[in-house]
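Q: Got a predicted structure plus its sequence, pasted below:
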Amino acid sequence: MDWAGLLKTTLTLFAVVDPVGTIPFFLVATRSLSTAQARRAAAIAALTVWAVLAAAALLGEHALRFFEIRIESFSVAGGLLLLILSLSMLQAHTSPLRQTPDEAVEAEEREAVGAVPLGVPLLAGPGAITQVIVAAGAHPGSPLDQAALILPITLVSLAVWLCFQGAPYIAHRLGRTGIHIVTRLMGLIIAALSVEMIARGLARLFPGWVA
């Protein structure tokens, strides 16, 4: 088992999901709820993230095969998607890829905000799903390696739960500026990773380009 690869996947997925940067949205979405309801919403959000990303890890390769999409092509497309997401994070903005204005308004009207839109698409959005599928596609035909992705997914989901459980305290200690700094750092990491994904995908699609 590639423990170094799993650690890299965990850190990358944490940066993409960015539970710290999502704390302000959690606080807004749950401001009309009681403490017990807010804690339940935090648990639902974490479980939603786990279920969606675990499904992507286990079924992503089959979906690509069904649509006859090469992992190299998906890597390039995913890299471009993550690059767009990172540019919004570098400006401390919420990318429309993660949440549209309509979904932001709807978040205040729903009781099950933990699942939608916090769990999906704010946390387990296109960027996170893409990252998991690319990681699973790096080991085609290896059920053990693909199942091992459940570990980083579980760790990131646990991080989501912990961040949301302690959201008021974290928001108070970091402040809006501190949260924006964390978001920008995560965005910088994602930008670099997205360029690597695009470069690797293009190198495999067009090997003649590589000297």
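A: Cool, the structure landed.
Q: Which helix or strand in the chain has the lowest average pLDDT?
A: helix 101-107 (a mean of 56; mean pLDDT, DSSP states H and E).
Q: ok, then the element right after it?
A: helix 126-137 (DSSP states H and E).
Q: C-terminal to that next one, what's the next element?
A: Assigned by DSSP H and E, the successor of helix 126-137 is helix 143-148.
Q: So for that following helix, mean pLDDT?
A: What helix 143-148 shows for mean pLDDT is 81.
Q: For it, what is the distance to the chain centroid?
A: 19 Å (C-alpha atoms, centre = their mean, to the nearest Å).
Q: for stretch 182-191, same thing?
A: 12 Å.
Q: how many neighbours does Phe206 have?
A: 10 (other C-beta atoms under 10 Å). (Each C-beta comes from the backbone N, C-alpha and C, glycine too.)
Q: Distance of it relative to Glu72?
A: 9 Å (C-beta to C-beta, to the nearest Å).
Q: got any ranges where the chain has weak pLDDT?
A: Along the chain, the parts satisfying pLDDT under 70 run over 1, 93-112, 140-141, 209-211.
Q: which secondary structure elements does the longest helix belonging to it contact?
A: Using DSSP state H to define each element, the chain has its longest helix at helix 167-205. Here helix 167-205 touches helix 3-17, helix 23-29, helix 71-90, going by 3 or more C-beta pairs under 8 Å, 6 or more residues apart in numbering; DSSP states H and E.
Q: Same list, those helices, but as CSV with mean neighbour count please.
A: CSV is the format used below for the helices and strands packed on helix 167-205 (neighbours: other C-beta atoms under 10 Å):
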stretch, mean neighbour count
helix 3-17, 19
helix 23-29, 19
helix 71-90, 20
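Q: of all those, which lies closest to Leu151?
A: When the helices and strands packed on helix 167-205 are compared by C-beta to C-beta, helix 3-17 sits nearest Leu151, at 5.9 Å.
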